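**Q** Following is a predicted model, sequence given first.
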Amino acid sequence: MSSFVELWVYLSATPLFGLTATVSAYVLAQMMSHRLGHPPLANPVLWTVLALSLLLLLTGTSYPSYFSGAQFIHFLLGPAVVALAWPMWQRRAQLRARWVPLLLAALTGGAVAALSAVLIGHALGLPREVLASLAPKSVTAPVAMGIAERLGGIPALAAVAALITGLTGALTGKFLFDALGVRSQAPRGFALGTAAHGIGAARALQEHPEAGAYAGLALGLQALLAALLLPLAARWLAF
């Protein structure tokens with residue numbers, strides 16, 4: 001028992017705590033999801049977030065202390081997103097033939113995602129900086145934080161909004177598509193990537209390689225279009 005206490009004291013006082021806790025929680029959540037057949041409600045990201053939140057509360061660990069180690073995993077988000085380009089490259093002929101409808105779908109989906117968040121927030125009387133943080137909610141978190149800061153929002157709140165949006169899409173997408181009778185993998189994946197960014201793309205890739213490829217494309221398009229158009233729209237609307 002004393003050896004365990006010494007190990008805990010050592011880990012909690014070094015960056016190894018955040019790294020070890022994050023990797024351990026995700027591996028366990030992924031094993032559980034795999035054993036259950038990857039159902040939406042067993043999403044590894046969801047259960048990792050819940051487990052880490054509970055751990056930080058029980059141990060009284062501050063978020064900055066945790067993130068001093070978890071930032072090493074955060075750095076890997078960039079290469080992970082770039083890796084989504086491989087399924088797209090394998091289907092480049094299909095994408096080249098469909099680029100016009102895909103671009104229009106990305107513009108429409110992104111506009112609806114941002115506008116709906118801002119209008120609902122405005123109806124609820126939320127302050128301007130919160131609205132600016134919610135506008136890029138369907139963009140992958142690192143990009144959403146940069147956009148929110150440029151709009152005068154709160155980057156940390158934008159990251160939380162992006163996480164909740166991604167998890168909501170990953171958890172409910174399959175049920176919604178089935179209820180609407182959407183069977184083709186391409187539109188299912190593209191819709192998930194558009195509305196739920198990286199978390200949705202990961203879920204789409206679990207369902208089918210075709211869905212994952214189109215989700216990765218939608219994820220990239222949303223990041224690019226939002227970074228270019230949201231600041232312009234905010235300026236035009238005096239937001």
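**A** On my side now, so go ahead. Residues are numbered from 1 along each chain as shown.

**Q** secondary structure element for Q94?
**A** Secondary structure from DSSP states H and E places Q94 in helix 92-97.

**Q** My error: substitute L104 in the last question.
**A** helix 99-123.

**Q** For the helix holding Q94, the averaged confidence score.
**A** What helix 92-97 shows for mean pLDDT is 78.

**Q** could I have it exported to CSV, CA atoms only?
**A** Output of helix 92-97 as CSV, limited to C-alpha atoms (Å, rounded to 0.1, in the frame of the first residue of the first chain):
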residue,chain,number,x,y,z
ARG,A,92,-10.1,11.3,-55.1
ALA,A,93,-11.8,10.4,-58.4
GLN,A,94,-15.3,10.4,-56.7
LEU,A,95,-14.5,13.6,-54.8
ARG,A,96,-13.3,15.3,-58.0
ALA,A,97,-16.6,14.4,-59.8
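
**Q** Name the residues of that helix that come out as buried.
**A** Of the residues in helix 92-97, those scored as buried under the neighbour-count criterion (16 or more other C-beta atoms under 10 Å) are L95. All C-beta spots, glycine's among them, are computed from the backbone N, C-alpha and C.

**Q** picking up where we left off before, can you name every helix or strand that the helix or strand that the helix holding L104 is followed by contacts?
**A** Towards the C-terminus, the helix or strand next in line after helix 99-123, according to DSSP H and E, is helix 128-134. When contacts are defined as 3 or more C-beta pairs under 8 Å, 6 or more residues apart in numbering; DSSP states H and E, helix 128-134 packs onto helix 99-123, helix 155-180.

**Q** change it to 10 Å
**A** In terms of contacts (3 or more C-beta pairs under 10 Å, 6 or more residues apart in numbering; DSSP states H and E), helix 128-134 is packed against helix 99-123, helix 141-150, helix 155-180, helix 209-236.

**Q** any idea of the angle the shortest one forms with helix 209-236?
**A** Computed by axes from the mean of the first three to the mean of the last three C-alpha atoms, to 10 degrees, the angle separating helix 141-150 from helix 209-236 equals 10 degrees.

**Q** Now do helix 141-150 against helix 155-180: the angle between them, please.
**A** 130 degrees.

**Q** Neighbours of A233, how many?
**A** Burial of A233, expressed as a neighbour count using other C-beta atoms under 10 Å, amounts to 17.

**Q** Does anything pack onto the helix holding L104? Which helices or strands?
**A** Packing partners of helix 99-123 (3+ C-beta pairs under 10 Å, 6+ apart): helix 128-134, helix 155-180, helix 185-207, helix 209-236.

**Q** would you turn those helices into a markdown table with mean pLDDT and distance to T48?
**A** Output for the helices and strands packed on helix 99-123, formatted as a markdown table (pLDDT from 0 to 100; distance: least, C-beta to C-beta, whole Å):
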| stretch | mean pLDDT | distance to T48 |
| --- | --- | --- |
| helix 128-134 | 91 | 23 |
| helix 155-180 | 90 | 11 |
| helix 185-207 | 88 | 11 |
| helix 209-236 | 85 | 20 |
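
**Q** Please identify which of those is closest to A70.
**A** Proximity to A70 (C-beta to C-beta) singles out helix 155-180 among these, at 13.0 Å.
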